[in-house]
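Asker: Return a 3D structure for these sequence lines:
(3 chains)
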Amino acid sequence: MTALHRAFYARDPREVAPELLNKLLEHDGRSGRIVEVEAYVGRQDPASHAYRGPTKRNATMFGPPGHLYVYLSYGMHWCANVTCGDGLAVLLRALSPVAGIEAMRAARSAASRDRDLASGPGKLTQALGITGVLDGADLVEPDRGVCLVSDGTPPPDVVVRTPRIGITAAAEHEWRFYVPGDPNVSRPLIPRVRP
DNA sequence: CCGCCGATCTTT
DNA sequence: AAGATCGGCGGG
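Answerer: Down below sits the predicted model:
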């Protein structure tokens, strides 16, 4: 494990998550700036895939940190996480497109505006061409064409924090983080509570 | 703009 | 049977 991997290792994903904001995710000539993430706190988090311990699906979450955990959501959308070791992970929820935008438009025919290209966890994998074959890829010392880098832009001084989207268990925790004012964020506001 | 609903398939 | 989602459709 390198020093860069150690930046993720066994660290609380609630700390790692805001630090990932403004980093770049690159794949296949396309890249986007990370503008929205959520922390999943492993065995102690009922909303995490790792809550019940290691399984075939979540094996990558229990592998080395700084790797990509990809899973199929609702039978049709791929979602991507950065692993932090020991079942801990950060879900990548939205990107601001930076390079390869034409390729993203081609991959995202449903997007009528560029702000819809990667404004959700399933959309961003589609925009970058990330699928389950990349599950387990090393993001720090890239081995399969997908990587996480910084272009020197630090995380924002102020980060918006809200409850996580689309979960029912442990919904009370504010473990979603996003860049204020960014038009690519999946849902700018705090999700409404159903009566 | 907002809310509802179906698609699709893996996991429990 | 539910799920870390998305997009099309209808209504306001």
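
Asker: is it true that A:G100 touches A:D28?
Answerer: Yes - if you go by CB atoms under 8 Å, A:G100 and A:D28 touch, sitting 7.5 Å apart. Any C-beta I mention is one placed from the backbone N, CA and C, and that applies to glycine too.

Asker: Pick out whichever of those two has more residues nearby.
Answerer: A:G100 (20 against 13; other CB atoms under 10 Å).

Asker: For the more buried one, give me its contacts.
Answerer: By CB atoms under 8 Å, 6 or more residues apart in numbering, the contact list for A:G100 reads A:D28, A:G29, A:R30, A:S31.

Asker: Setting the sequence-adjacent residues aside, check what's closest to the third one.
Answerer: The shortest distance from A:R30 to any residue other than its chain neighbours is 3.2 Å, reached at A:G100 (CB to CB, 6 or more residues apart in numbering).

Asker: so A:C147 sits right up against A:L134, yeah?
Answerer: No - contact status for A:C147 versus A:L134: not in contact, 10.9 Å apart, counting by CB under 8 Å.

Asker: Residues that sit against both of the two, list them.
Answerer: A:H27.

Asker: More neighbours: these two, which one.
Answerer: A:L134 (21 against 18).

Asker: Let me see the contact set for the more buried one.
Answerer: The neighbours of A:L134, taking CB under 8 Å, 6+ apart as the test, are A:H27, A:L68, A:V70, A:A80, A:R144, A:G145, A:V146.

Asker: Now that we have these, which of them are buried?
Answerer: A:H27, A:L68, A:V70, A:A80, A:V146 (16 or more other CB atoms under 10 Å).
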